[in-house]
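Trainee: I would like to see how this sequence folds:
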Amino acid sequence: MIINTSLEYKGNLFPQSIVSFEKNVDTYTFRAKNNILLRLTILRDSVVRFRYATDNAFEKDFSYALADNYPKGYNDLNFLEDADYYILTTAKIKIYVSKENMRIGIYTLEGTPILEDELGFHYEENLEFGGNIVKMSKHSAKGESFYGLGDKPSHMNLKGMRFTNWNTDEYAFAKDKDPIYKTIPFYIGLNQNTAYGIFFDNTFRTHFDFAHERHGITSFWADGGEMNYYFFYGPSSKEVIKNYTQLTGVPEMPPMWTLGFHQSKWSYYPESNFRALAQKFRDLQIPCDAIYLDIDYMEGFRCFTWSKEYFPNPKQMVDDLKADGFKVVVIIDPGIKIDKEYSVYNEAMEKGYFCKRSDGPLMKGKVWPGDCYFPDFTNPEVRTWWAGLYKELIEDIGVRGVWNDMNEPAVMEIPGKTFPLDVRHNYDGNTCSHRKAHNVYGMQMARATYEGVKQFAYPKRPFIITRAAYSGTQRYTSSWTGDNVASWEHLWVANIQVQRMNISGAGFTGTDIGGFAEQPTAELFTRWVQLGVFHPFCRVHSSGHHGEQEPWSFGKDVTDIVRNFIELRYQLLPYLYTMFWEYIQHGTPMIKPLFYYDQEDMQTHFRTDEFIFGNHILVCPILEPNTQGRRMYIPRGTWINWWTGERVVGGEEVWVDATMETIPIFVREGACIPKYPVQQYVGEKKIEELQIDVYFSEEKTKSRIYADGGDGYDYKKGRFSLRTLEVVGRPDSLIINQHKEGDYDAEYQKFKLVMHNLPFDVKSIYVDDKRAEYVATKVGNAYELVVDKNFSQLHITG
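Mentor: Residues are numbered from 1 along each chain as shown. Presented below is the predicted three-dimensional model:
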């Protein structure tokens, strides 16, 4: 892109005047005098697809990003034409298409601009590779903010920045480094309390400029392919993100154990060390559900093999660990060692499953095993074959999860650290070069892995984790943010990246807690764990070359603090599981930046550190060393300090004390927070009663508690429990209304209600309008009350 608008016109081609259009139900196709086409499709009243083509022809319509079950439909659609514009009106927006130059303007029904083309669609012929470099520029308002784009390690608000999407293995990446591991070409614009979104569904190398080169202009472009983007109107950012997430899809419910604590390192071996790791967790009573094997478990780094020296009897080892509550997760990379004695290599060679260069030779590159070939995961036949390779690992040996790494794809000793651009791909029957397939290679590998693990883990649910991703990858896998660094700057980056991934549709994400590269101090490790337990995916991982990074590696004081926070995560598992259900059902981010929580409050638009965990818990990590507290912004509303019970009215920045043993955590007044007893692993204990912390409020507040079997697929047949609790407080009473849906009956029969900040002393209790003999006991500043779980209304009076 070029700063000078007049120069921008040189070398670019633009639509001329529109000479014809045709309508087909929800789709309008406009043709310009120079045979440029615009195809506009109304998916919902607030969701519109814009697709441009040159030379009077569209490419085959195909996308890896879109969910099969996206719910389409609109309430109203009217079309009219005046002297200058074609005008489409839905129940939410008006779209103006200029007859003169095909430029687009999108407005509210009242006529307020939401998003207007500047130069609009234009393109440049790519004389080196063929096809076009496709471009789009739009006006942006003076006070407009921008969010999204997945894992970018930059400030939450993208205003004034520029980015490239090209999945890259970027070891020890720095703040603002771009590009890195993932491509999620979706962003949210927010101006004057009106939000919209753009999803640029193009898998070539793409670029985004948020008023960086030209003030007041936002642009996005791609090195090839079509100008194909989706527009989402809010007006709330919640609606924008919900619609994008539903368009690109959500995962199934994860097995609950995956929400526990995970421990990993490059690498735990031999078997005696791996078993000792597990035993130390149990000896020190530090909860842990999953432990990981990196590449050294393999025979010479050959995927789908086990080292006979280090792990002579993997099934026995996995079975023994399972008996103690541990699930084993193993790494699988895409590179297949060139070795005629290696069955995976021979099968792929025989069936022609490896990627080829444009002139026919196989794509050869060095990774951990040495010289390797690489399967073409964009070929559905290859994905089916790859899925089948997991039978021994999953069904026979009992491994519970698979970790896909190096799938950008990363290649050593090649310029650009990835495949050359001439490598050919099947692309599900749409043959193309690596220029188009690069950003989806990791996604399709994770998809193939998901299909295999799901098949052989049945009737249990699968667990996959990936490093590389494209929009829609969240349907198949969780992810982590790649090879970070043990530094305070990277702790800040970790907080930003997980928030950003959550508003980009990919909620099941975490970071390498403590940092992958280099060694954290005891203080840094502690603060990182305190943040990481509030991320959807919670795993310590390190390179192992810089020292030990287990919870007990930094002395007893740190071990005790870390244990306490991991225990807190296990207590909050029913809350976290409910967060996941809401993400799947409603496209609701599990981690919510403050702008999402309250976009009407301008103070939230540039906040980076604070976030909402689920619907009711406010968290602000400590991101600097040698501190006993910090200033933070409390969003509007009334909040209760988790540690002290102090009531705080939001809407301002305040100082919050935070010794090494704590970080700032607040609960929204009126919330009901479900808690399990501390367990060493999910399923260790029979849950005999569910504790629910109730925070008194005079404002009507709803909370949900979702439960199912924690694994398996019965929840899809109605065997789930969804309880909605409504809290209504008065100066002399508290009413809790309950509504239950679903056929699942959790094993606990009692609720232990811990009622905080009641403004009265409890004198009587009514259950469904009948006085009950329950006794509320005062403990500190709270009242504790054990009741039958199946009440419809609980009325507590003073």
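
Trainee: What is the neighbour count of the residue lying closest to residue 259 once chain neighbours are set aside?
Mentor: Nearest residue to residue 259 in three dimensions, chain neighbours excluded: residue 576, at 5.2 Å (Cβ to Cβ, 6 or more residues apart in numbering). Placement of C-beta: from N, CA and C, glycine included. By the criterion of other Cβ atoms under 10 Å, residue 576 has 24 neighbours.

Trainee: Check the gap between residue 576 and residue 319 for me.
Mentor: As judged by Cβ to Cβ, to the nearest Å, residue 576 and residue 319 stand 28 Å apart.

Trainee: cool, residue 563 as well?
Mentor: 27 Å.

Trainee: more neighbours, the two?
Mentor: Comparing residue 563 with residue 319 by other Cβ under 10 Å, the one with more neighbours is residue 563, at 18 against 13.

Trainee: wouldn't that one be in contact with residue 285 here?
Mentor: Yes: Residue 563 lies in contact with residue 285 (Cβ atoms under 8 Å); the separation is 7.0 Å.

Trainee: returning to that earlier point: so the residue nearest to residue 259, which state does it fall into?
Mentor: Of the three states, residue 576 takes helix under DSSP: H, G, I helix; E, B strand; the rest coil.

Trainee: just the helices in the stretch 301-450 of the chain please.
Mentor: Remark: helices assigned in the stretch 301-450 of the chain by DSSP state H, counting those that start in this stretch are 314-323, 343-351, 380-388, 434-457.

Trainee: Does anything pack onto the first one? Which helices or strands?
Mentor: Using 3 or more Cβ pairs under 8 Å, 6 or more residues apart in numbering; DSSP states H and E as the contact test, the elements touching helix 314-323 are helix 271-283, strand 327-332.

Trainee: and what of the second one?
Mentor: Helices and strands touching helix 343-351, as assessed by 3+ Cβ pairs under 8 Å, 6+ apart, comprise strand 336-337, strand 370-373, helix 380-388.

Trainee: got it, and the last one?
Mentor: Counting contacts by 3+ Cβ pairs under 8 Å, 6+ apart, the secondary-structure elements packed against helix 434-457 are helix 380-388, strand 401-404, strand 424-425, strand 464-466, strand 469-470.

Trainee: dump the residue contacts of residue 293.
Mentor: 267-269, 274, 328-331 (Cβ atoms under 8 Å, 6 or more residues apart in numbering).

Trainee: do residue 42 as well
Mentor: 26-27, 48, 74, 77, 88, 90 are the contacts of residue 42 under Cβ under 8 Å, 6+ apart.

Trainee: Could you work out the most separated pair of these?
Mentor: 27 and 90 (13.6 Å; Cβ to Cβ).

Trainee: quick one, helices of the chain?
Mentor: 5-9, 237-248, 271-283, 314-323, 343-351, 380-388, 434-457, 488-503, 522-532, 556-571, 573-586, 594-597 (DSSP state H).

Trainee: For residue 81, which non-adjacent residue is closest in space?
Mentor: residue 87 (7.1 Å).

Trainee: Tabulate the helices of the chain in CSV, adding columns for mean pLDDT and distance to residue 470.
Mentor: Listed next are the helices of the chain as CSV, based on pLDDT from 0 to 100; distance: least, Cβ to Cβ, whole Å:
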stretch, mean pLDDT, distance to residue 470
helix 5-9, 52, 29
helix 237-248, 98, 9
helix 271-283, 98, 33
helix 314-323, 98, 32
helix 343-351, 98, 23
helix 380-388, 98, 15
helix 434-457, 98, 4
helix 488-503, 98, 13
helix 522-532, 98, 25
helix 556-571, 98, 30
helix 573-586, 98, 19
helix 594-597, 98, 23
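
Trainee: Can I get the ones you listed in TSV including distance to residue 752?
Mentor: Listed next are these as TSV, based on distance: least, Cβ to Cβ, whole Å:
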stretch	distance to residue 752
helix 5-9	66
helix 237-248	33
helix 271-283	27
helix 314-323	30
helix 343-351	53
helix 380-388	45
helix 434-457	34
helix 488-503	31
helix 522-532	26
helix 556-571	12
helix 573-586	13
helix 594-597	29
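
Trainee: Which one, of these, ends up nearest to residue 172?
Mentor: Closest among the helices of the chain, using Cβ to Cβ: helix 488-503, at 9.0 Å.

Trainee: and the closest residue to residue 184 other than its chain neighbours, how many neighbours does it have?
Mentor: Spatially, and ignoring its direct neighbours in sequence, residue 184 is nearest to residue 150 (3.1 Å; Cβ to Cβ, 6+ apart). A count of nearby residues for residue 150, using other Cβ under 10 Å, gives 28.

Trainee: I'd like the numbering to begin with 53 instead of 1 from here.
Mentor: In the new numbering, first residue 53, that becomes residue 202.

Trainee: got a list of what residue 202 touches?
Mentor: Residue 202 touches 234-236, 238, 521, 552-553, 556, 558, counting by Cβ under 8 Å, 6+ apart.

Trainee: go on, residue 163?
Mentor: Neighbours of residue 163 in contact, by Cβ under 8 Å, 6+ apart: residue 146.

Trainee: ok, back up a step: can you convert the helices and strands packed on helix 486-509 into a markdown table and add a column each for distance to residue 679?
Mentor: Compiled in a markdown table, the helices and strands packed on helix 486-509 are given as follows (distance: least, Cβ to Cβ, whole Å):
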| stretch | distance to residue 679 |
| --- | --- |
| helix 432-440 | 48 |
| strand 453-456 | 34 |
| strand 476-477 | 50 |
| strand 516-518 | 32 |
| strand 521-522 | 34 |
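
Trainee: closest one to residue 388 among these?
Mentor: helix 432-440 (10.1 Å).

Trainee: ok, back up a step: return the closest of the contacts of residue 345 with respect to residue 687.
Mentor: Among the contacts of residue 345, and counting by Cβ to Cβ, the member closest to residue 687 is residue 381, at 36.3 Å.

Trainee: Go through stretch 136-153 and flag the buried ones.
Mentor: Applying a neighbour-count criterion of 16 or more other Cβ atoms under 10 Å, one finds 137-142, 144-151, 153 buried in stretch 136-153.

Trainee: Check stretch 829-836 too.
Mentor: In stretch 829-836, residues buried by neighbour count (16+ other Cβ under 10 Å) are 834-835.

Trainee: Give me the distance between the two termini of it.
Mentor: End-to-end distance for stretch 829-836, by Cα to Cα, to the nearest Å: 5 Å.
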